[in-house]
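J.: structure here, sequence nowhere to be found:
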DNA sequence: ATCCAGGCTACACAGGCGTATAGTCAATTG
DNA sequence: CAATTGACTATACGCCTGTGTAGCCTGGAT
């Protein structure tokens, strides 16, 4: 996605401010990021930020919109079949989201970026629609629910990347780290953590007892 | 976990402040939460917060420590085999983390709460150690790496819960929503999203091309 | 040449925040 | 009883923030 080239309107001060904002929001979070800091990173005055975006909140929304545009581009690429069997969708998504990973993580947890998440869910849903026929058994739950949960799981290593890196003991920003993570995900995705018999057992148990949290003395 | 009864030192103003802080940090995030707001929720003056915890950062660390204590309790419960085959570890974890879910989500993304994540990774690692013998093939990557990534995936529906709920179209705080999520996770966990042949293919492809991100001008 | 819209800056302002200080009151201790 | 400790409050301080305003400078249109 990155090498698709900048938008025609890029290279302008407005674009530099937006990029700096995404870096700052991603690194420090929305609250700790300051307009002055963003302006300094963009090489402009703080007043210009206001001049172009009006307010800090509007600047955030502009960043969200830009991120969504990138996601949509990725979406279209996948739809057009340009990379259908070259990469798996997980690796594709992670690679495409790379530069915006930290921003996306903060935005998602802050409750923002709903459109991004929904867009990814749609992607996952299509993927399930394509691959469900290969399943031996019929799915227990609807496709949209599975797509939603799966999207969250696919985003988890992006959102919690620092923790995963620490726990793994590698730097995920190095080629070795990326390779290890990719191989790990492939192993996890290709092996069920629960046997179908166990899962059925648990599912049955769920249906019986009321699913509220069990009270403990 | 809530009905396990408060610590002996609870019910004190100090405990009330800590609980209120966890609610506020969880709901608004660390930055947007204010000492004055926490104090008001706890029914005390803002000065008392400082008296007991010294600073906002120290208050956050106290919350982290309290959360870790709860996690450790859960850890011990699992280790002692009290709920080994009653619930699956995912459901257990989610249920136990319930009241602290939002706090945990913010803390994890902010980079804090490393100890919590590592504790959960340890849990997952033990779980893999128990269940690896049932695998038909030998794991491609080390147990710790898989445990780390799996922990992130298991936490994803907690961290991104609002998005999952919206995409699913249900309220996850209702029994119906909990049930649907549980059944969805059981379905996902009991079905690989990739065939072993596909995974092997992707893994082989990973080894060939250098996994670095393409540079951007 | 004139004008002027818009990118851009410098500076000022008000509010909210964490923090600090001084002091009150009740319980404990000698 | 006197003294000390610690929980607790009220109030003030100083900083940083987002925001507002006034003005400068450049480039293109008339």
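T.: Received, thanks. If you're wondering where the values come from, they're calculated on a predicted model, not measured in any experiment.

J.: from now on I want contacts and neighbour counts done on CA atoms only, so please keep to that.
T.: OK.

J.: for residue A:48, which residues are in contact?
T.: residue A:39 (CA atoms under 8 Å, 6 or more residues apart in numbering or on different chains).

J.: chain A: helices as residue ranges?
T.: All helices of chain A, identified by DSSP state H, fall at A:13-28, A:35-42, A:46-53, A:56-79, A:89-97, A:101-109, A:114-131, A:143-159, A:161-168, A:175-189, A:196-208.

J.: which of those helices comes out lowest on mean pLDDT?
T.: Lowest mean pLDDT of the helices of chain A: helix A:89-97, a mean of 64.

J.: what does chain A have sitting close to DNA strand D?
T.: Contacts of chain A with DNA strand D, taken as CA under 7 Å from any atom of the strand, map to A:31, A:33, A:34, A:35, A:36, A:46, A:47, A:50, A:54, A:55, A:56, A:57.

J.: of those residues - the most surrounded one?
T.: Neighbour counts for the residues of chain A next to DNA strand D peak at residue A:35, which has 21 neighbours (criterion: other CA atoms under 10 Å in any protein chain shown).

J.: give me the neighbour count for residue A:135.
T.: Residues near residue A:135, counting by other CA under 10 Å, number 11.

J.: could I get the helices of chain A as TSV with distance to residue B:180?
T.: As requested, the helices of chain A are exported to TSV (distance: least, CA to CA, whole Å):
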stretch	distance to residue B:180
helix A:13-28	32
helix A:35-42	43
helix A:46-53	42
helix A:56-79	27
helix A:89-97	24
helix A:101-109	22
helix A:114-131	17
helix A:143-159	8
helix A:161-168	27
helix A:175-189	21
helix A:196-208	10
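
J.: ok, now which ones touch the residue nearest the centre of chain A?
T.: Per CA atoms, centre = their mean, the C-alpha nearest to the average position across chain A is that of residue A:155, at 4.5 Å. Applying CA under 8 Å, 6+ apart, we find residue A:155 in contact with residue B:156.

J.: mind checking the end-to-end distance for stretch A:28-38?
T.: 11 Å (CA to CA, to the nearest Å).

J.: cool, stretch A:124-143 as well?
T.: First residue to last in stretch A:124-143 (CA to CA) measures 9 Å.

J.: follow-up on the earlier one: of all the helices of chain A, which one comes closest to residue B:131?
T.: For those, proximity to residue B:131 was assessed by CA to CA; helix A:196-208 is nearest, at 12.2 Å.

J.: run the angle between the closest one and helix B:175-189 for me.
T.: Angle of helix A:196-208 versus helix B:175-189, following axes from the mean of the first three to the mean of the last three CA atoms, to 10 degrees, is 180 degrees.
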